[in-house]
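Asks: sequence and predicted structure below; questions after.
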Amino acid sequence: MIQHWIRFRHLDIVRFGTLEGDKIRVFKGDMFDSPQRTDIAINLAEVEVCTPVVPGKVLAMWNNFHALGKKLGLAPPPEPLYLMKPPTSYLAAGGTIKKPRVDAKVAFEGELAIVIGRTCSGVSADSAPDYIFGYTCANDVTVGDIINRDPTFPQWVRAKGFDTFCPFGPVIATGLNPAMLVVRTILNGEVRQDYPINDMVFSCAELVSRISQDMTLEPGDLLLCGTSVGVGSMRPGSTIAVEIDGIGTLSNRFE
């Protein structure tokens, strides 16, 4: 059964629960460890939507889709290539992506994100799905021309780590088969990306397994699966949305 978990602020209190139509069924306890359903239901229209989790870390993949790699003339990597995005980059659905204080083009990258549900270290690909709580939408916002500005040091973290450059949400969907999902990115009402998750070089289970060999993954951590063809720049005043059927739509303004 698919469930949609949401974190929200209501009457200055941050809570979490599941969406039931236009209402939120409130839970208590720990979202990742036997959450307890309550009798409280709150209208979705009455709350402020928060990021569905507060990750200890966000790891973002590079060159993880065959179609984009082929377009860029890149061979599939032998192992996942990834960077980290800082907590100051996290942004909820409905929040505003802020133009950085540099004169450069800002690009959108619509992505599927894996949400880790259990502490995970050195796990096999076969057991990795047991450590995945669910999936959410993400936008790996990037200032691309910063990356190779200095030929001696590629600046991936800076290019992707500006404040508000990691919108994700609005919910975490559980009970989905990620291989069946399609990511669509919509800029000012125009579809700019429309690609299948099953084109990934490393599947969701493989990403969790391989990265868990490097570092311990903890409940609430996010793995951004990488993006595919259609990445482009956006101008201030734009609305950018990442839509994945079965999860929902992450929509943000860029100002």
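Replies: Sure thing, it's come through. Numbering: from 1, shown residues only.

Asks: for the lengthiest helix in the chain, packing partners?
Replies: Looking only at the chain and at elements set by DSSP state H, the helix with the highest residue count is helix 204-212. Helix 204-212 sits against strand 110-116, strand 132-139, strand 222-224, with contacts defined as 3 or more CB pairs under 8 Å, 6 or more residues apart in numbering; DSSP states H and E. C-beta: built from backbone N, CA, C; applies to glycine.

Asks: which residues sit against it?
Replies: Contact with helix 204-212 is made by 59, 61, 64, 79-80, 82, 112, 114, 116, 120-129, 131-132, 135, 178, 197, 202, 217, 223, 225, as judged by CB atoms under 8 Å, 6 or more residues apart in numbering.

Asks: measure residue 54 to residue 87 for me?
Replies: In this structure, residue 54 and residue 87 are separated by 8 Å, where distance is defined by CB to CB, to the nearest Å.

Asks: my bad, residue 246
Replies: 27 Å.

Asks: ok, the two, which is more surrounded?
Replies: Under the criterion of other CB atoms under 10 Å, the comparison of residue 246 against residue 87 puts residue 246 first, with 15 against 11.

Asks: what number of residues lie near the residue lying closest to the more buried one once chain neighbours are set aside?
Replies: Spatially, and ignoring its direct neighbours in sequence, residue 246 is nearest to residue 176 (5.2 Å; CB to CB, 6 or more residues apart in numbering). Look at residue 176: counted by other CB under 10 Å, it has 19 neighbours.

Asks: what's the pLDDT at residue 104?
Replies: In the predicted model, residue 104 carries a pLDDT score of 89.

Asks: domain assignment for this structure?
Replies: Split into domains by automatic domain parsing, the chain comes to 1-50, 51-254.

Asks: endpoints of stretch 109-128, how far apart?
Replies: Across its full length, stretch 109-128 reaches 25 Å between end residues, using CA to CA, to the nearest Å.

Asks: what average pLDDT does that stretch get?
Replies: Mean pLDDT, computed over stretch 109-128, is 98.

Asks: likewise stretch 147-155?
Replies: Per-residue pLDDT values across stretch 147-155 average out to 95.

Asks: for stretch 204-219, measure first residue to last.
Replies: According to CA to CA, stretch 204-219 extends 16 Å from its N-terminal end residue to its C-terminal end residue.

Asks: and stretch 18-34, by the same measure?
Replies: One end of stretch 18-34 sits 14 Å from the other (CA to CA).

Asks: buried set for that stretch?
Replies: For stretch 18-34, the buried set under the neighbour-count rule, 16 or more other CB atoms under 10 Å, comprises 18, 19, 23, 24, 25, 26, 27, 31, 32.

Asks: going by distance to residue 250, which of those residues wins?
Replies: Nearest to residue 250, judged by CB to CB, of these is residue 19 at 14.6 Å.

Asks: so which strand or helix has the closest residue to the closest one other than its chain neighbours?
Replies: If you skip the residues right next to it in sequence, residue 19 has residue 4 as its closest partner in space, 4.3 Å away by CB to CB, 6+ apart. Following DSSP states H and E, one finds residue 4 within strand 3-10.

Asks: which residues are in contact with stretch 179-195?
Replies: Taking contacts as CB under 8 Å, 6+ apart, the residues outside stretch 179-195 that touch it are 65, 67, 108-112, 135, 137, 139, 196-198, 203, 227-232, 234, 238-247.

Asks: please identify the buried residues of that stretch?
Replies: Buried positions in stretch 179-195, judged by neighbour count with 16+ other CB under 10 Å: 181, 183, 184, 185, 186, 187, 192, 193, 195.

Asks: the residues you listed: which two are farthest apart?
Replies: Farthest-apart pair in these is 181 and 187; separation 20.1 Å (CB to CB).
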